[in-house]
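[1] only geometry, no sequence info:
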């Protein structure tokens, strides 16, 4: 039987039809008032979604590129940095910081465990030479969302860098209110745009740190980015990914129309429904069962079931692309992404397909129980499902 | 009167309707056999267009990002490099090389003058410590195309790096036959794809140089790129710009269907027609009147005419976006891009519009003379126009 393709991975994520259609518009020249008008509106709307008045620089890259830019622009070789590592992406920050010659104090936690912000405060108090602290908002590898408000409060004396690539727009992040200096994000998750754009918001304090940094850089250089950004109309230093920015413009307008706070609330509901569905099937959640985990739901593959086969079957038999585990968790967990353009029925379909696949694989479960648990989350909130 | 929008700038450039349409396809997950099939075909076709059997790494970035990658991956701080600089982009390589702590021997020429490969050979003979030589294929800022075959022969003892961002696919570049080690290119010119993808082809000799390089890097790291490239199916190290790669697949197929040698020949005709049109209007070409200059035609703005006003009028009155001059040539030259998805009638329309605009600005010319000269180029070759 024909199945529609449903992308339920933690990234890239599906995009709204209006954003798709904008991807087919003609390419326009970027050094023109026409492109300037689009880019100015994009910048204003990015500020609304990042909840910051800081400058936000856009570059053609995936999230890892803007990560690298933050390291290159803030530090000098030998500088000390604190990195919280409780997943694949925290681990990437550690490796990248070391690749650029930084001295890393690593706060390591088991995957799925939230960072302890008291330990962040202690580590910074113990070493006043540490210049900045890095933490991931939503660990895509595990679904765990760190408490960034507490992190920023614990690290108030240093420059704070938050990797929000997979969380921005899905998990509440009040950049200015919480005092986060640098936020890195990407286009392909809750911003509902194809992959290929990365963003970084930079506070005045971070910009002052940048001014004395001596790390070699060029493509991601914030001074070049700021100079182009301050032109009238705003530009990028190098050729922008024109079509992706035109798509982003449409996507951001949709987020603004929905209301940024409503977008956060929707993701909380999606996460809750997804977790209830997993539990309803009799499976165990990986990581804490709590509302901030609104971007990705991770679950243990039950005893006796091959996790890779489960993910493959959900896709081959039902057209729904969920993700397996990364690193040591490969084959042991599966992950449902709901960070971006997702609604109640996407979660219901995913839980329904997982139930069907588990039944085929011989796992004992009562078909419909997980789906019912999912529906009840929306029913309670007044959403019909 | 309504005018269609015609993008005749040297980049970004217009894209075929089939490539536009592919930009509206659903986003698919990149760690799947489905994406792997597309990416494998893209890689095979890139080899056909680059005319090389070397590995070609694709990243989400604009051309400048892959430039930076070449510097980061090949050198260690303090290494010596020869850079040919006869335009805006040659100048960028000089700045970038210095930003990464390289010791630069700069061979500087006036804008519009071709590099002298005897001087390249002399400079390398005079300093055996120079490890690599860098040259731009087509200087977008001036339309001048350097003799890369001669450059590679002059620099045979060192690693050769060619910036083909604006020339690849439009100007003949026989990577393997000429022995070019590293070729950097972008998606948004003759590859007929939106901006946002950059490519680098790497010879075995360059890969050996990479292995001993000690420059800090992460996002553009060739070791990570090669590791992902060698998986089955081939992947990228970081999240690829999925939609752009799907569009590139369509565009490359069109280039292969046309025939790479035919694509080069078409560009030679477009350049010739554009230059004849400029001369037919009584204007003077900027740079040599020769066939290799097949990507961009640059012309002096005639005495008494405001070049910025001319470019603006061609766009506002006639919908055709040509480009002005860069740097010291701002307002003094204008540039017609014909690197990519262009045919005879695009050039004819552009010359026609320029004639009309020049007439409006009070420049004495016989309307139709430039267009006639353009047509005769195609007529001689048997193309109806």
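    Alright, I've got the coordinates. As the structure is a prediction and not an experimental result, all values here were calculated from the model. Numbering: from 1, shown residues only, chains lettered A, B, ... in the order given.

[2] roughly how far apart are the nearest residue to residue A:68 once chain neighbours are set aside and residue A:70?
    With Cβ to Cβ, 6 or more residues apart in numbering or on different chains as the measure, residue B:219 is the residue that lies nearest to residue A:68, at 4.4 Å, once sequence neighbours are left out. In short, each C-beta sits where N, CA and C put it, glycine included. For residue B:219, the distance to residue A:70 (Cβ to Cβ, to the nearest Å) stands at 11 Å.

[3] check residue A:51 too.
    19 Å.

[4] neighbour-wise, which of the two wins?
    Regarding residue A:51 and residue A:70, a neighbour count based on other Cβ atoms under 10 Å in any protein chain shown identifies residue A:70 as having more, with 28 against 19.

[5] who touches the more buried one in this structure?
    Contact partners of residue A:70, counting by Cβ atoms under 8 Å, 6 or more residues apart in numbering or on different chains, are A:161, A:182, A:184, A:200.

[6] which SS class is it?
    Local secondary structure at residue A:70 is given as helix here, using DSSP: H, G, I helix; E, B strand; the rest coil.

[7] who in the stretch 101-250 of chain A is up against chain B?
    Proximity of the stretch 101-250 of chain A to chain B (Cβ under 8 Å from any Cβ of the partner chain) is limited to residues A:101, A:186, A:188, A:194-197, A:215-219, A:238-244.

[8] give the buried subset of the residues you listed as a PyMOL selection command.
    One line in PyMOL is enough to select the buried members of these, burial here meaning 16 or more other Cβ atoms under 10 Å in any protein chain shown:
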select buried, chain A and resi 186+188+194+195+196+197+215+216+217+218+219+238+239+240+241+242+243+244
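
[9] hey, where'd the helices end up in the stretch 101-250 of chain A?
    A:117-126, A:148-154, A:175-178, A:204-212, A:222-229, A:242-258 (DSSP state H, counting those that start in this stretch).

[10] need the ones you listed in CSV (columns: mean pLDDT).
    Compiled in CSV, the helices of the stretch 101-250 of chain A are given as follows (pLDDT from 0 to 100):
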stretch, mean pLDDT
helix A:117-126, 98
helix A:148-154, 98
helix A:175-178, 98
helix A:204-212, 98
helix A:222-229, 97
helix A:242-258, 98
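
[11] reformat these as JSON lines; add distance to residue B:149.
    What follows is the helices of the stretch 101-250 of chain A, written out as JSON lines (distance: least, Cβ to Cβ, whole Å):
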{"stretch": "helix A:117-126", "distance to residue B:149": "58"}
{"stretch": "helix A:148-154", "distance to residue B:149": "56"}
{"stretch": "helix A:175-178", "distance to residue B:149": "53"}
{"stretch": "helix A:204-212", "distance to residue B:149": "43"}
{"stretch": "helix A:222-229", "distance to residue B:149": "34"}
{"stretch": "helix A:242-258", "distance to residue B:149": "33"}
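
[12] nearest to residue A:312, of the ones you listed?
    Put simply, out of the helices of the stretch 101-250 of chain A the one that sits nearest residue A:312 is helix A:242-258, at 30.4 Å, with distance taken as Cβ to Cβ.

[13] for that closest one, packing partners?
    Helices and strands touching helix A:242-258, as assessed by 3 or more Cβ pairs under 8 Å, 6 or more residues apart in numbering or on different chains; DSSP states H and E, comprise helix A:17-22, helix A:33-50, strand A:197-202, helix B:242-258.

[14] can you pull the phi/psi pair for residue A:28?
    Backbone geometry at residue A:28, expressed as degrees, to the nearest 10, gives phi -110, psi 160.

[15] look up how far chain B lies from it.
    Residue A:28 sits 7 Å away from chain B, taking Cβ to the nearest Cβ, to the nearest Å as the criterion.

[16] and for residue A:200?
    When Cβ to the nearest Cβ is applied, the distance between residue A:200 and chain B equals 13 Å.

[17] what's near enough to touch that residue?
    For residue A:200, the set of contacting residues under the criterion of Cβ under 8 Å, 6+ apart consists of A:56, A:57, A:59, A:66, A:69, A:70, A:182, A:183, A:184, A:185, A:222.

[18] which helix runs longest in chain A?
    For chain A, the helix reaching the highest residue count under DSSP state H is reported as helix A:260-280.

[19] residues in contact with the following helix or strand past it?
    Using DSSP states H and E, the helix or strand that directly follows helix A:260-280 along the chain is strand A:296-300. Contacting residues not belonging to strand A:296-300 are listed as A:10, A:112, A:138, A:140, A:142-143, A:166, A:271, A:274-275, A:278, A:283-287, A:325, A:332-339 [Cβ under 8 Å, 6+ apart].

[20] just the buried ones from these, in ChimeraX syntax?
    One line in ChimeraX is enough to select the buried members of those, burial here meaning 16+ other Cβ under 10 Å:
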select /A:10,112,138,140,142,143,166,271,274,275,278,283,285,286,287,325,333,334,335,336,337,338,339
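
[21] just the pLDDT at the residue lying closest to residue A:59 once chain neighbours are set aside, thanks.
    In space, not counting the residues next to it along the chain, residue A:59 is nearest to residue A:198; the distance is 5.5 Å by Cβ to Cβ, 6+ apart. The score at residue A:198 is 98. That number is its pLDDT.

[22] and residue A:198, how many residues sit next to it?
    29.

[23] before we move on, what about the one 3 residues further on?
    By other Cβ under 10 Å, the residues close to residue A:201 number 26.

[24] check residue A:41 too.
    Once other Cβ under 10 Å is used to define contacts, residue A:41 is seen to have 15 neighbours.

[25] now the end-to-end length of stretch A:143-156.
    Its start and end residues considered, stretch A:143-156 measures 26 Å (Cα to Cα, to the nearest Å).

[26] OK, now which residue of the stretch 1-150 of chain A is nearest to chain B?
    With Cβ to the nearest Cβ, the shortest gap between the stretch 1-150 of chain A and chain B falls at residue A:23, namely 3.6 Å.

[27] phi and psi next, for the closest residue to that residue other than its chain neighbours.
    Residue nearest to residue A:23 in three dimensions, not counting chain neighbours: residue B:23, with 3.6 Å by Cβ to Cβ, 6+ apart. The phi/psi pair for residue B:23 (degrees, to the nearest 10) reads phi -70, psi -10.

[28] do the one 3 residues further on as well
    When quoted as degrees, to the nearest 10, the phi and psi of residue B:26 stand at phi -60, psi 150.

[29] residues in contact with it?
    Residues counted as contacts of residue B:26 (Cβ under 8 Å, 6+ apart) are A:5, A:7, A:14, A:15, A:20.
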